[in-house]
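Asks: sequence-free structure coming up:
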């Protein structure tokens with residue numbers, strides 16, 4: 001079980017970073 005949660009968190013972290021990058025890159029989004 002622990003071995004499965006580790007990659008899951010890693011993917012979630014990567015997606016979070018990518019999502020933040022997109023939000024910061026596209027003007028208007030996240031900037032009211």
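Replies: Looks like it arrived, so ask away. Only a predicted model underlies this, so the values are computations on that prediction, with no experimental measurement involved.
Asks: show me what the strand or helix carrying residue 19 is packed against.
Replies: Here residue 19 sits within helix 2-25, counting by DSSP states H and E. Using 3 or more Cβ pairs under 8 Å, 6 or more residues apart in numbering; DSSP states H and E, no helix or strand is in contact with helix 2-25. Yep, even glycine has a C-beta here, placed from its N, CA and C like the rest.
Asks: that helix: how far from the chain's middle?
Replies: Relative to the chain's own centre, helix 2-25 is displaced by 4 Å; criterion: Cα atoms, centre = their mean, to the nearest Å.
Asks: same check on stretch 20-27?
Replies: Averaging C-alpha positions (Cα atoms, centre = their mean) puts stretch 20-27 11 Å from its chain's average.
Asks: what's the average pLDDT for that stretch?
Replies: Average pLDDT, stretch 20-27: 73.
Asks: list the contacts of residue 6.
Replies: Not one residue lies near residue 6 by Cβ atoms under 8 Å, 6 or more residues apart in numbering.
Asks: how much space between it and residue 14?
Replies: Applying Cβ to Cβ, to the nearest Å, the value for residue 6 to residue 14 is 13 Å.
Asks: do residue 25 as well
Replies: Going from residue 25 to residue 14 by Cβ to Cβ gives 16 Å.
Asks: same deal with residue 23?
Replies: To residue 14, residue 23 is 15 Å away according to Cβ to Cβ.
Asks: repeat that for residue 5.
Replies: 15 Å.
Asks: count the residues that sit near residue 3.
Replies: For residue 3, the neighbour count with other Cβ atoms under 10 Å is 6.
Asks: with the one 4 residues further on instead?
Replies: Using other Cβ under 10 Å, residue 7 is surrounded by 9 other residues.
Asks: again with residue 14
Replies: 10.
Asks: centroid residue for the protein?
Replies: The centroid of the chain falls nearest to residue 16 when counting by Cα atoms, centre = their mean (0.9 Å).
Asks: so for that one, what pLDDT did the model give?
Replies: 86.
Asks: from residue 10, how far off is it?
Replies: Distance of residue 16 to residue 10, given as Cβ to Cβ: 11 Å.
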